[in-house]
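**Student:** Fold the following and give me the result.
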Amino acid sequence: MLENRNTIIAIILSGIVLIGWQYFYNIPQMERQRALQQQQAELAKTTQPAPTPAASPTGQPQAGNAPAAAPAASANAPVVGRDEAIEASPRIKIETPSVVGSIALKGARIDDLSLVKFRETVDPHSPPIVLYSPSGTAAPYYAEFGWVGTAGTNARLPDQSTVWQQENGGSLTPSNPVILKYDNGEGLTFHRTISIDDRYLFTIKDEVSNVGNVAVTLYPYALISRHGTPQVSGYYILHEGLIGYLGDEGLQQYTYKKIDEAKSVGWKVTNGWLGITDKYWASALLPETNAQLQARFSSNAVGTNHNYQTDYIEDPRTVAIGGSASVSTRLFAGAKEASVVGLNFPILGFGGYNRELGLNHFDLLIDWGYFYFITKPMFLALDFFYRLFGNFGISILLVTVIVKLLFFPLANKSYASMAKMKSVQPQLQALKERYPDDRVKQQQEMMEIYKKEKINPIAGCLPVVIQIPVFFSLYKVLFVTIEMRHAPFFGWIKDLSAPDPTNLFTLFGLIPGDPTQLPVFGHYLALGIWPIIMGITMWFQMKLNPTPPDPTQKMIFDWMPLIFTFMLAGFPAGLVIYWAWNNTLSVLQQSFIMRRNGVKVELFDNIRGTFASKKAT
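**Tutor:** Reported below is the predicted structural model:
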């Protein structure tokens, strides 16, 4: 009666784990994916008007304050198509191997940028990723630079409505900087030189000369503005929102929700950078490392939406009569590639902008997490083998073998202990027959046997415990690094960072339709080929181990492969491939150790016994 009760409890607990996992992980993940797809579809309809506010220009603050967003246009202003907004003002083209777009001469904003190396889907002919969009579109996102005056300054300064003149011809390319000019007609002449490298770095140099009859004091500023709350992944292991490393204040991260609540936060620092980050893309202001900054994150409510801004203002420059002043800054706008951003491994060629520009922990723009000391080496190992073989799936297989070799001594002890445990199974069975109703006595005698044979009963857990940090670091790498995005394996796996696209419940494509859309049970009807392979390898590994003497433990171990099969169905395919390959290696390793310890490998006997007992039942 007791064993039946324990069995029922085990089944109920297993069901609770499976249902809870689906509810708290798979269902929210699928909903976020649907919401993201819907948002992308809406943004694609850029020719349709929508009740989204137009862009808000930047006002001119008083001395000592960072530039603040001025009131936006009416929340009911119609939204124009992206192409229409770009064509509405004179522009200078941006053409590099990594990005294309344009700079608006009106306001001199960098507000049109697409990443040509990255596509929206695995289809190489799909549209490139759009990073920046002009004011008036569905999702304005841009960078702006300039000067603001002290309180009471009457000098006309360039702002968002100023139309600059291009002094040199041609597009902005890595070999051709552009020079812009604005004369305020009152003695102040402004020049702006914009250059770009072949990756994602803009360098902006602003100069102002004074031939008027009075000296002026001006504050240089820079900002990144994003209108509307973007769709985010929503996972605790990944930060998306406002980010910066601000001198001694260290890393500052504010989600969109957090900054909505705070409204505005500021710091006075030296040697900092700040910006806005998505999962794979980011935009960041990189002032000179010795610049004194008044940096700020802010959120401005406009109707039901919010406008988000990261900005800074530097110490003032006084431009004497007949004199001039200048300031330089940089803008990163692109993909968060580890080799470009930096990984603090310069000996391996991963210095990137972090080392080249002497920045303050710019590598943290990629969210390596608290366990970066595991995550970074995992990425480096995967990237190393990718450079050799050109396939991240093969890299995962090879890194798994290396991890197995590194932990071989520890796993060897664990499997040896498990082999000894298997050898004493007849003695344990005899105890159950000798003391059928005395569980306490059974446990006491069992511990005596373990002590005599020098068996550690928890040693069998070590292989699983060892996998946990490796599993987490690989999951983190697959989830946050852009190098894994759209990385193919073989066959039907076109993206190792996405779940297996096949589904058992459609007979792997033979049955039309999408069962995951069914109400109530649809979320459970997603099970690809690789999760099934992983479940089978895990079941083999379980069958290789000694049968637990406790019926409840036995029931849990019997159900565990099925539970993990459904749990991992929504994980990135690369992670499931790792787990299946790791299980296979574990079976081979454990079989070898068992033979070496004189214990018969009864894998296939146990499998046959399982089906035979079910048939008899």
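**Student:** Going by C-alpha atoms from here, please, whenever you check contacts or count neighbours.
**Tutor:** Will do.
**Student:** The helix ranked longest in the chain - contacts with which helices or strands?
**Tutor:** Of all the segments assigned as helix in the chain under DSSP state H, the longest by residue count is helix 573-596. Packed against helix 573-596 by the contact rule (3 or more Cα pairs under 8 Å, 6 or more residues apart in numbering; DSSP states H and E) you find helix 392-406, helix 408-423, helix 462-480, helix 529-544.
**Student:** between the ones you listed, which one is nearest to Leu357?
**Tutor:** helix 462-480 (23.9 Å; Cα to Cα).
**Student:** Run through who's touching the closest one.
**Tutor:** Where contact means Cα atoms under 8 Å, 6 or more residues apart in numbering, the residues beyond helix 462-480 that reach it are 237-238, 279-280, 366-368, 371, 374-375, 378-379, 407, 411, 414, 484-485, 496-497, 572, 574-575.
**Student:** Please pick the buried ones from these.
**Tutor:** Neighbour counting over the contacts of helix 462-480 (16 or more other Cα atoms under 10 Å) leaves 238, 279-280, 366-368, 374-375, 378-379, 411, 414, 484-485, 496-497, 572, 574-575 as the buried ones.
**Student:** where does the stretch 501-617 of the chain dip in pLDDT?
**Tutor:** In the predicted model of the stretch 501-617 of the chain, residues 520-524, 545-550, 553, 597-617 satisfy pLDDT under 70.
**Student:** again, only using 50
**Tutor:** Counting by pLDDT under 50, the stretch 501-617 of the chain contains low-confidence ranges at 617.
**Student:** cool, the chain as well?
**Tutor:** Applying pLDDT under 50 to the chain picks out residues 1-11, 14-15, 18-19, 21-27, 30-31, 33-64, 69-74, 617.
**Student:** Outline the domain layout of it.
**Tutor:** 81-367, 377-616 (automatic domain parsing).
**Student:** Let me know which of those is tucked in deepest.
**Tutor:** Ranked by mean neighbour count, the domains of the chain are led by domain 81-367 with a mean of 19 (mean count of other Cα atoms under 10 Å).
**Student:** Gly228 against Ala139, yeah?
**Tutor:** Yes. Look at Gly228 against Ala139 with Cα atoms under 8 Å: they come within range, at 6.4 Å.
**Student:** give the contact list for the closest residue to Gly352 other than its chain neighbours.
**Tutor:** Using Cα to Cα, 6 or more residues apart in numbering and skipping the chain neighbours, the partner closest in space to Gly352 is Gly342 (4.0 Å). With contact set as Cα under 8 Å, 6+ apart, Gly342 has these partners: 350-355, 362-363.
**Student:** Which residue would you name as the spatial centre of the protein?
**Tutor:** Of all residues in the chain, the one closest to the mean position by Cα atoms, centre = their mean is Val480, 2.8 Å from it.
**Student:** Distance from the helix or strand containing Leu388 to the middle of the chain?
**Tutor:** Using DSSP states H and E, Leu388 falls within helix 372-389. Between the centre of helix 372-389 and the centre of its chain there are 16 Å (Cα atoms, centre = their mean, to the nearest Å).
**Student:** Also stretch 238-246?
**Tutor:** Using Cα atoms, centre = their mean, the offset of stretch 238-246 from its chain centre is 12 Å.
**Student:** Kindly report the same for stretch 269-277.
**Tutor:** Distance, centroid of stretch 269-277 to centroid of chain: 19 Å (Cα atoms, centre = their mean).
**Student:** And for stretch 534-546?
**Tutor:** 32 Å.
**Student:** Would you mind writing the CA trace of it as PDB?
**Tutor:** Taking Å, rounded to 0.1, in the frame of the first residue of the first chain, the C-alpha atoms of stretch 534-546 are listed here in PDB:
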ATOM      1  CA  MET A 534      17.900  13.500 -26.200                       C
ATOM      2  CA  GLY A 535      15.100  11.700 -24.300                       C
ATOM      3  CA  ILE A 536      16.100   8.300 -25.700                       C
ATOM      4  CA  THR A 537      19.800   8.800 -24.800                       C
ATOM      5  CA  MET A 538      18.900   9.900 -21.300                       C
ATOM      6  CA  TRP A 539      16.700   6.800 -21.000                       C
ATOM      7  CA  PHE A 540      19.600   4.600 -22.100                       C
ATOM      8  CA  GLN A 541      21.800   6.300 -19.500                       C
ATOM      9  CA  MET A 542      19.200   5.700 -16.800                       C
ATOM     10  CA  LYS A 543      18.900   2.000 -17.800                       C
ATOM     11  CA  LEU A 544      22.600   1.600 -17.400                       C
ATOM     12  CA  ASN A 545      22.500   2.600 -13.800                       C
ATOM     13  CA  PRO A 546      21.500   0.300 -10.900                       C
END
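**Student:** can you give me the helices for the stretch 51-200 of the chain?
**Tutor:** 82-87 (DSSP state H, counting those that start in this stretch).
**Student:** How about Pro501: what's its closest non-neighbour residue?
**Tutor:** Once flanking residues are discounted, Pro501 sits nearest to Gly528: 6.4 Å by Cα to Cα, 6+ apart.
**Student:** actually Leu527, sorry about that
**Tutor:** Closest to Leu527 by Cα to Cα, 6+ apart is Asn503, at 4.9 Å.
**Student:** Quick check: the gap between the one you found and Thr516.
**Tutor:** Here the distance between Asn503 and Thr516 works out to 10 Å (Cα to Cα, to the nearest Å).
**Student:** which residues do these two both contact?
**Tutor:** In contact with both Asn503 and Thr516: 525-526, using Cα under 8 Å, 6+ apart.
**Student:** Residues contacting stretch 430-447, please?
**Tutor:** Leu428.
**Student:** end-to-end on that stretch?
**Tutor:** End-to-end distance (Cα to Cα), stretch 430-447: 14 Å.
**Student:** so how far is that stretch off the chain centroid?
**Tutor:** The mean C-alpha position of stretch 430-447 is separated from the chain mean by 52 Å, Cα atoms, centre = their mean.
**Student:** So which elements touch the helix holding Leu388?
**Tutor:** Contact here means 3+ Cα pairs under 8 Å, 6+ apart; on that basis helix 372-389 packs against helix 392-406, helix 462-480.
**Student:** And these: which comes nearest Ile194?
**Tutor:** Of the helices and strands packed on helix 372-389, the one closest to Ile194 (Cα to Cα) turns out to be helix 462-480, at 31.0 Å.
**Student:** mind checking how far Arg439 is from Pro499?
**Tutor:** Arg439 sits 45 Å away from Pro499, going by Cα to Cα.
**Student:** for the stretch 151-300 of the chain, what spans make up the strands?
**Tutor:** 165-166, 178-183, 188-196, 201-210, 216-227, 241-246, 251-255, 264-270, 272-277, 281-287, 292-302 (DSSP state E, counting those that start in this stretch).
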